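[1] Got a predicted structure here, sequence first:
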Amino acid sequence: MSKIALVVGASGIAGSALSSELMAQSWQVLGLARRPVVQPGVTPVSADLHDTAATAAALAAQRPDAVFFTTWSRQATEAENIRVNASMMRTVLDAVRPAASVRHVALVTGLKHYLGPFEAYGQGVLPQTPFREEHGRLDVDNFYYAQEDEVFSAADRDGFSWSIHRPHTIIGKAVGNAMNMGTTLAVYATLCRETGRPFRFPGSTAQWAGLTDMTSASQLASHLVWATTTPAAANQAFNVVNGDVFRWKWMWSRIAEWFEIAPAVFDGTAEPLQVQMAGDREIWRRIAEREDLVEPDLDRLASPWHTDADLGRPVEVITDMSKSRRMGFMDYQPTDDAFVDLFTQLRTERLIP
């Protein structure tokens with residue numbers, strides 16, 4: 001019999017790609033979201049993780065073998081991030097506990113494990129790059145750490161194994177997602193082409209010129225299933241990236257070429273997308289109407305604040321993945337191909353012209 005997976009955050013970038021990968025590997029998939037989107041083959045489960053009783057009721061009849069937690073809720077302060085996101089994690093784990101069916105829980109966090117929360121992002125004393133899993137927690141409050149602690153506590157109590165997955169910025173498709181660099185850059189390039197504005201790199205010299213890496217949603221999905229089904233990977237934390245490295249000064253030209261626009265010369269001055277795109281909502285609405293696009297709301301496609309945070313970092317950010325390689329995970333995804341695949345999908349699905 002096929003195994004049953006509960007994907008929490010199934011409508012997001014990571015969750016939707018993971019659902020597809022699980023089904024490709026013959027899992028049954030329960031897709032939990034506040035407002036589930038239709039995904040063929042996925043059984044939708046509607047639940048608000050801020051409501052403990054409602055979540056317990058929604059999951060009462062389910063017996064998942066594995067739980068994949070791929071979502072978070074952005075709050076105004078890190079203290080609130082900790083309170084809310086730890087509670088969401090605890091709500092799910094408490095809801096599946098009565099069935100006693102769960103054998104593994106996989107949690108997706110990210111490189112803020114090494115960089116710190118948005119309130120102190122890339123500041124203070126950071127581990128030397130490339131970031132490695134053996135680097136301990138920073139001496140700062142971080143909701144990722146609180147989520148991990150909920151998993152560790154429940155695992156000790158209920159006897160399941162766990163894995164923690166730390167991707168770099170994820171490239172993938174999801175409408176309404178709070179952290180979505182790929183679609184944000186696609187929308188920005190489209191706006192530059194439409195208005196004749198220069199296609200400017202918005203970030204820091206450190207990011208423009210330094211080495212970096214990223215994580216495609218498909219690579220993360222493969223890694224999640226691998227860790228869940230590989231005994232040696234139990235009770236381990238992993239970095240997960242595509243396997244290549246690049247400089248934005250090269251990638252920016254590749255993106256511009258796909259959209260048939262010229263990249264602007266970078267002069268070292270940061271010009272955040274939040275500023276550049278502040279007045280673009282009506283322009284995007286007109287483009288969507290003219291081109292018959294399916295999403296006229298710019299705010300549901302682009303997340304400039306998050307892209308600015310990543311591209312504005314004052315330090316090199318690169319990730320070591322040797323731990324997974326030594327255990328046998330050898331998947332590889334060129335990052336420029338991941339961008340091209342995403343842009344092609346966005347165009348095919350009428351999200352960009």
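    It's in.
[2] CA atoms for contacts and neighbours, from now on please.
    Noted.
[3] How about the backbone phi and psi for the residue nearest in space to the middle of the chain?
    Centroid-nearest residue in the chain, with Cα atoms, centre = their mean: residue 170, separated by 4.5 Å. Here is the backbone geometry of residue 170 (degrees, to the nearest 10): phi -90, psi 130.
[4] can you pull the contacts of it?
    13-14, 180-181, 214-217 (Cα atoms under 8 Å, 6 or more residues apart in numbering).
[5] Now it: closest residue in space that isn't a chain neighbour?
    With sequence-adjacent residues excluded and distances taken as Cα to Cα, 6 or more residues apart in numbering, residue 170 is closest to residue 215, at 4.8 Å.
[6] Report pLDDT for the residue nearest to the centre of the chain.
    Looking at residue 170, its pLDDT stands at 97.
[7] tell me what the top helix by length along the chain is packed against?
    Counting residues, the longest helix found in the chain (DSSP state H) is helix 78-96. If you count contacts as 3 or more Cα pairs under 8 Å, 6 or more residues apart in numbering; DSSP states H and E, helix 78-96 packs onto helix 52-59, helix 143-158.
[8] Let's see that with 6 Å instead.
    Helices and strands touching helix 78-96, by 3 or more Cα pairs under 6 Å, 6 or more residues apart in numbering; DSSP states H and E, are helix 143-158.
[9] Just the mean pLDDT for the helix it packs on, thanks.
    Helix 143-158 comes out at a mean pLDDT of 98.
[10] What of stretch 256-272?
    pLDDT averaged over stretch 256-272 gives 96.
[11] buried residues in that stretch?
    256, 261-263, 266, 270, 272 (16 or more other Cα atoms under 10 Å).
[12] Can you give the contact residues for it?
    198-200, 202-205, 253, 308 (Cα atoms under 6 Å, 6 or more residues apart in numbering).
[13] if we can go back for a sec, would you reformat the contacts of residue 170 as TSV and include pLDDT?
    Supplementary listing: these in TSV, determined by pLDDT from 0 to 100:
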residue	pLDDT
13	95
14	96
180	92
181	96
214	98
215	98
216	98
217	97
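[14] Tell me which of those residues fall in strands.
    215-216 (DSSP state E).
[15] Let me have the contacts of residue 170 in CSV, adding distance to residue 130 as columns.
    Shown next, in CSV, are the contacts of residue 170 (distance: Cα to Cα, whole Å):
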residue, distance to residue 130
13, 25
14, 23
180, 23
181, 22
214, 13
215, 15
216, 19
217, 21
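[16] For residue 163, state which of the contacts of residue 170 is nearest.
    For these, the residue nearest residue 163 by Cα to Cα is residue 14; the value is 15.4 Å.
[17] What is the burial count for that closest one?
    For residue 14, the tally of surrounding residues (other Cα atoms under 10 Å) stands at 29.
[18] need the contact list for it.
    Residue 14 touches residue 217, counting by Cα under 6 Å, 6+ apart.
[19] run the last query once more with 7 Å
    70, 217, 221 (Cα atoms under 7 Å, 6 or more residues apart in numbering).
[20] And for residue 294?
    Here residue 294 is in contact with 350-351 (Cα under 7 Å, 6+ apart).
[21] distance of it from residue 185?
    Distance, residue 294 to residue 185, by Cα to Cα, to the nearest Å: 18 Å.
[22] do the same with residue 303
    9 Å.
[23] and for those two, which residues touch both?
    By Cα under 7 Å, 6+ apart, no residue touches both residue 303 and residue 185.
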